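# sequence and predicted structure are below.
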Number of protein chains: 2
Amino acid sequence: MKENLTIVKVGGKIVEEEASLQKLLEEFTAVEGPKVLIHGGGRTATALAAKMGIETRMVDGRRITDEDMLRVVTMVYAGLVNKNVVAKLQSLGVKALGLTGADMDVIRSHRRPVKEIDYGFVGDVDNVDGEALSVLIDRNFVPVMAPLTHDGKGQLLNTNADTIAGEVAKALASYYQVTLIYCFEKKGVLANPDDDDSVIPLITPQKYESLKEQQVIQGGMIPKLDNSFAALRAGVDKVIITRVGQIGKDGGTTILNYEVQ
Amino acid sequence: MKENLTIVKVGGKIVEEEASLQKLLEEFTAVEGPKVLIHGGGRTATALAAKMGIETRMVDGRRITDEDMLRVVTMVYAGLVNKNVVAKLQSLGVKALGLTGADMDVIRSHRRPVKEIDYGFVGDVDNVDGEALSVLIDRNFVPVMAPLTHDGKGQLLNTNADTIAGEVAKALASYYQVTLIYCFEKKGVLANPDDDDSVIPLITPQKYESLKEQQVIQGGMIPKLDNSFAALRAGVDKVIITRVGQIGKDGGTTILNYEVQ
């Protein structure tokens, strides 16, 4: 029987506001057993870029990352956000270790090929070194991962934090029984987007198909769920979509790769 | 017999210019056996601060670090400089791992008490976890350390990189035979500051006293040498003051804590 491991992915908004960050970190600290935190930081990056006179361009929610913007996200994700989270976790007794994909060569990627859009210095993940991460985790260290990877040729690449969470979960599934928690603003996947209490408690493959047919699930939620099912198919035990205040508690949407009787 | 370990401390200027950085990293890669790199980044921090409309104030070469400046140095040291160095070292086959003192709780410090000057969020080192570093080093990882520490209560603190180098060297002296290399712009300690070729090859305690009496060594070089002797007294094997292009080669000034016949 493999040991349980919890991977929590939090969006930028949560880690960028003092109150929600503190709440998140206390909740994360209370999660028992080995764990990993993966964070964003996009809002701070956009604000810093503006201060430096650098324009932020987004396409379908993805940041166009030219050389200047890569410097900005490297400073914000790996520096400001990551190290503040690490220092605060230490104060809560968590042996945090901040990492980008370049550190210990844990996440290799390649620059996304230019098709219709040139995303710039954006990386698509090739490999996660689950073994290196598991060595740290087994020594009770808690990786805190910023959404940056590298190509092995000296180039840092900006990489979506949801994607990193999914890929890290897959790589660690050989070593642990992995629960991946995506933490965002809503209580979970909603049956009615205007009703915050209409959380769908469980989504299985059959249920997912019918929710898509009924157009209950649409838009930006589809890639999130597709990623979740991909992680489950690759050996991740369970994916939960929830919000801060509910990590490790009932509530939120659980996604399973099998039908429940 | 303990294994040799080389600690290289490089100033900001070297890591901030593409050509000298590349040269440094190739030299550092060529250093055999376990090693640690400690870097600065002050010039980039000053430039970023200026871009953000934040004034840089220095007292005796030390940066006054208010809240805004702490954000700047965290972004630059732990983000921009550290992660670029790490990614480039990976491309050279070095298993680099970027660290601040908060990561793995490796360097605890306390905020410097206010006497005549309030340095702000500046930390004086209390403890270096040599054991945690040695575990990484023994697995062939190469720590790349940014000049930031933490107080264990969630606060990051700006800490002089020369000091970090000395403290890390002392902490690792229980585990390894440590050579500490301070890498700066000059070839070594100069007998005549106007003659770049007047390098003093060896400084022992007696020699140091006589050089101070003759006022050959004065000003900013005195704290550097005092730190070096403090590291030697704490068990560090050898300190070398040299420049890029000469790491691991003859040349530079060697500092020993005993008299040579």
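Yep, it's here.

# mind showing which ranges of chain A have poor pLDDT?
A:12 (pLDDT under 70).

# give me the number of residues near the closest residue to chain B within the stretch 151-261 of chain A?
Relative to chain B, the nearest point of the stretch 151-261 of chain A is residue A:154 (3.7 Å; CB to the nearest CB). Heads up, the C-betas are built off the backbone N, CA and C, glycines and all. Counted with other CB atoms under 10 Å in any protein chain shown, residues neighbouring residue A:154 total 17.

# list the residues that contact the nearest residue to it once chain neighbours are set aside.
Of all residues not flanking residue A:154 in the chain, residue B:91 sits nearest, at 3.7 Å (CB to CB, 6 or more residues apart in numbering or on different chains). When contacts are counted by CB atoms under 8 Å, 6 or more residues apart in numbering or on different chains, residue B:91 touches A:152, A:153, A:154.

# hmm, back to that, so the residue of the stretch 151-261 of chain A closest to chain B sits against residue B:93, correct?
No - the criterion here is CB atoms under 8 Å, and residue A:154 misses it with residue B:93 at 11.4 Å.

# return the residues of the stretch 1-150 of chain A in contact with chain B.
Contacts of the stretch 1-150 of chain A with chain B, taken as CB under 8 Å from any CB of the partner chain, map to A:48, A:51-53, A:71, A:74-80, A:82-84, A:86-88, A:90-91, A:95-100, A:102-105, A:135, A:139, A:141, A:148, A:150.

# take those residues and keep only those in helices.
A:48, A:51, A:71, A:82, A:83, A:84, A:86, A:87, A:88, A:90, A:91, A:135 (DSSP state H).

# buried ones among the residues you listed?
For these, a neighbour count by 16 or more other CB atoms under 10 Å in any protein chain shown gives the buried set as A:48, A:71, A:82, A:83, A:84, A:86, A:87, A:88, A:90, A:91, A:135.

# give me the beta-bridge partners of residue A:241?
residue A:182, residue A:253 (DSSP bridges).

# enumerate every residue touching the residue nearest to residue A:77 when sequence neighbours are not counted.
Spatially, and ignoring its direct neighbours in sequence, residue A:77 is nearest to residue A:146 (4.1 Å; CB to CB, 6+ apart). For residue A:146, the contacting residues are A:39, A:41, A:77, A:78, A:81, A:82, A:98, A:99, A:100, by CB under 8 Å, 6+ apart.

# widest-spaced pair of those residues?
A:41 and A:99 (14.3 Å; CB to CB).

# neighbour count winner among these two?
It is residue A:99, of residue A:41 and residue A:99, that has more neighbours when counted by other CB under 10 Å, with 29 against 26.

# so that one bridges to which residues?
residue A:145.

# list the residues that contact it.
A:106, A:143, A:144, A:145, A:146, B:97.

# and the residue of chain A found nearest chain B, what does it touch?
Here chain A gets closest to chain B at one residue, residue A:79, 2.5 Å apart by CB to the nearest CB. Going by CB under 8 Å, 6+ apart, residue A:79 touches B:74, B:75, B:76, B:77, B:78, B:79, B:80, B:82.

# grab the nearest non-local neighbour of it.
Spatially, and ignoring its direct neighbours in sequence, residue A:79 is nearest to residue B:79 (2.5 Å; CB to CB, 6+ apart).

# and that neighbour, how close does it get to residue B:261?
From residue B:79 over to residue B:261 the distance is 49 Å, taken as CB to CB, to the nearest Å.

# equivalent analysis for residue A:81, please.
Residue A:81 is 56 Å from residue B:261, by CB to CB.

# higher neighbour count, these two?
Shown here are residue A:81 and residue B:261; by other CB under 10 Å, residue A:81 has more neighbours (28 against 3).

# returning to what we had before: from the contacts of residue A:99, which is closest to residue A:67?
residue A:146 (18.6 Å).

# what backbone torsions are found at the closest one?
phi -90, psi 150 (degrees, to the nearest 10).

# now swap in residue A:209 and tell me
Dihedral angles for residue A:209 - degrees, to the nearest 10 - are phi -60, psi -40.

# residues near residue A:5, how many?
23.

# quick one: the strands in chain A?
A:4-10, A:35-39, A:58-59, A:62-63, A:96-99, A:107-111, A:123-128, A:142-145, A:148-150, A:156-158, A:177-183, A:202-203, A:238-242, A:253-255 (DSSP state E).

# give me the beta-bridge partners of residue A:35?
Judged by DSSP bridges, the bridge partners of residue A:35 are residue A:6.

# hmm, residue A:4 and it touching each other?
No - judged on CB under 8 Å, residue A:35 makes no contact with residue A:4 at a distance of 9.3 Å.

# out of these two, which sits in the busier spot?
residue A:35 (21 against 16).
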